[in-house]
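Asks: the following block contains a protein sequence and its predicted model.
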Amino acid sequence: METSSQLVVFLWPDELDESVRLDQPILGLPLIRRMVLSAKRAGFDNIWVAVREDREVTKILEGTTVEFKSLDATLDLAGFRRIVFMVGGVLPDATWLKTLLETPLKPDRLYCDTGVAAAIETKKSLKLFPSTRYGRSEEDLGLVFDREIETELLEVDHQGRTLIPSGAGIDKAESWLLERLIKKSDSLIARHFHRRISLAISRHLVSTPISPNLWTIFSVGIGLSSSPYFLSARAIDQFTGALLFLIHAIIDGCDGELARLRFQESRIGMKLDLWGDNLVHSAVFFCMGIGWWIGNQGKWPLLVTAIAIAGVLWTAWLVYRKSVFWARTEIPSFSSVVRTRSSRISKIMDALGNRDFIYLILLLSVFGKVYWILPLTAVGSPIFALVLLYLGRREGEK
């Protein structure tokens with residue numbers, strides 16, 4: 001389907017609950033702006049916002065390519081094949097909107113999602129007449145067309161959108177939005193511990209001037225500050241370094257969360273995040289190796305350290321080349337190290353690619369033996385990189 005043939009229309013009638021305002025702040029962005037940016041992210045190039053004449057939304061949607069329409073006028077929808085309608089007061093995510101955009105539909109039938117949204121595929125001219133019954137209580141959204149159209153239930157995952165409740169329900173909607181930031185590839189520890197802390201921090205940061213890239217630099221600074229502690233053979237110093245390293249790993253998730261909440265994902269941000277993390281890992285392993293060498297007086301700790309760091313950087317380069325350098329999309333993603341989700345090996349690779357190894361460092365630091373992680377990394381990271389290379393080539397063949 002050509003992009004120019006796709007249209008989403010956000011209908012915002014006065015009949016909606018007054019507590020659900022068009023400019024209602026949702027984690028730092030007005031509700032209508034968040035809806036529009038989600039539609040843009042989903043792939044809609046044509047976005048209309050239909051409101052009453054007296055509603056001023058131009059400033060709220062400044063910088064977007066939205067066209068403003070009047071609910072009191074007939075909307076001519078000719079020229080669009082896939083048209084999605086949504087009543088205001090619904091908080092969607094981009095994945096759910098993309099489903100509405102791409103789900104196969106029988107032509108000239110209105111598919112409705114329980115008074116929240118509707119979609120139609122048509123090659124014929126179509127006009128939408130003004131209606132006095134727009135609202136979420138209407139099964140068909142109260143849409144009145146210039147010709148009779150059959151309706152049918154739209155079977156989509158309802159977890160991809162939520163209704164904005166009245167009154168104090170805004171907190172519930174914001175919590176839902178934060179939950180959507182948890183990645184499927186997150187480990188059990190990341191999902192139930194790291195993310196809970198980082199999401200709580202992001203919830204407070206999202207309304208501040210702090211940018212995702214600035215937070216990345218701050219996080220990298222915390223991580224680098226941990227590395228000198230690993231030069232020492234004392235358990236207390238190593239434990240302090242391990243705690244700082246863990247704090248870095250937890251708050252490092254906030255930059256991506258901020259970027260996704262504000263729709264500020266960028267290539268430069270992805271590069272900064274990826275190479276910042278690997279700079280921290282390399283610095284930590286380097287200091288561990290020097291501390292090990294000082295206590296051992298042999299050369300082989302330096303060799304093991306060099307292999308470990310080389311393996312880490314090789315893996316980072318493979319991920320960078322696959323996810324950023326060769327990415328065809330404007331905004332690449334690091335949600336998974338491989339795309340072949342059906343492969344058991346791929347799932348194992350995602351599990352091995354998480355940061356749970358930091359807890360092993362924390363445990364080893366209690367005994368002053370953090371350098372034991374270096375032989376494991378020296379063996380594991382090259383193998384990890386080789387498997388990544390193999391899976392990348394296999395995906396390329398497909």
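Replies: Yep, it's here.

Asks: from Asp277, how far out is the residue nearest to the spatial centre of the chain?
Replies: By CA atoms, centre = their mean, the mean C-alpha position of the chain lies nearest to Arg260, the distance being 4.8 Å. From Arg260 across to Asp277, the span is 17 Å (CB to CB, to the nearest Å). For glycine as for every other residue, the C-beta is placed from the backbone atoms N, C-alpha and C.

Asks: could you do Ser38 as well?
Replies: 28 Å.

Asks: and the strands in the stretch 101-250 of the chain?
Replies: With DSSP state E, counting those that start in this stretch as the criterion, the stretch 101-250 of the chain has strands at 109-113, 117-121, 127-129, 144-145, 150-153, 161-163.

Asks: got a list of contacts for the first one?
Replies: By CB atoms under 8 Å, 6 or more residues apart in numbering, the list of residues contacting strand 109-113 from outside reads 100, 103, 105, 118-121, 139-141, 143, 149-154, 156, 158.

Asks: and Arg81, what pLDDT?
Replies: Looking at Arg81, its pLDDT reads 89.

Asks: pretty sure Ile373 is touching Leu364, no?
Replies: Yes - with contacts counted by CB atoms under 8 Å, Ile373 reaches Leu364, the gap being 6.4 Å.

Asks: domains of this protein?
Replies: What the TED database lists as the domains of the chain is 6-163, 182-396.

Asks: redo these as CSV? Include distance to Glu174.
Replies: As requested, the domains of the chain are exported to CSV (distance: least, CB to CB, whole Å):
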stretch, distance to Glu174
domain 6-163, 5
domain 182-396, 7
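
Asks: isn't Leu360 right next to Ile373, touching?
Replies: Yes - here Leu360 reaches Ile373: they are 6.4 Å apart, a contact under CB under 8 Å.

Asks: the helices in the stretch 151-300 of the chain, which residues?
Replies: 170-179, 188-189, 195-205, 212-226, 235-251, 253-262, 267-296, 300-320 (DSSP state H, counting those that start in this stretch).

Asks: turn those into TSV, columns for distance to Leu31 and mean pLDDT.
Replies: Converted to TSV, the helices of the stretch 151-300 of the chain look like this (distance: least, CB to CB, whole Å; pLDDT from 0 to 100):
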stretch	distance to Leu31	mean pLDDT
helix 170-179	9	88
helix 188-189	33	82
helix 195-205	17	94
helix 212-226	22	97
helix 235-251	28	96
helix 253-262	13	94
helix 267-296	25	93
helix 300-320	36	91
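
Asks: among those, which is the most enclosed?
Replies: Ranked by mean neighbour count, the helices of the stretch 151-300 of the chain are led by helix 253-262 with a mean of 23 (mean count of other CB atoms under 10 Å).

Asks: what packs against it?
Replies: helix 195-205, helix 212-226, helix 267-296 (3 or more CB pairs under 8 Å, 6 or more residues apart in numbering; DSSP states H and E).

Asks: apply 10 Å and report the result again.
Replies: helix 31-42, helix 170-179, helix 195-205, helix 212-226, helix 267-296 (3 or more CB pairs under 10 Å, 6 or more residues apart in numbering; DSSP states H and E).

Asks: next secondary structure element downstream of the first one?
Replies: Of the helices and strands lying after helix 31-42 in sequence (DSSP states H and E), the nearest is strand 47-51.

Asks: what is that following strand packed up against?
Replies: Going by 3+ CB pairs under 10 Å, 6+ apart, strand 47-51 lies up against strand 6-12, helix 31-42, strand 67-70, strand 82-87.
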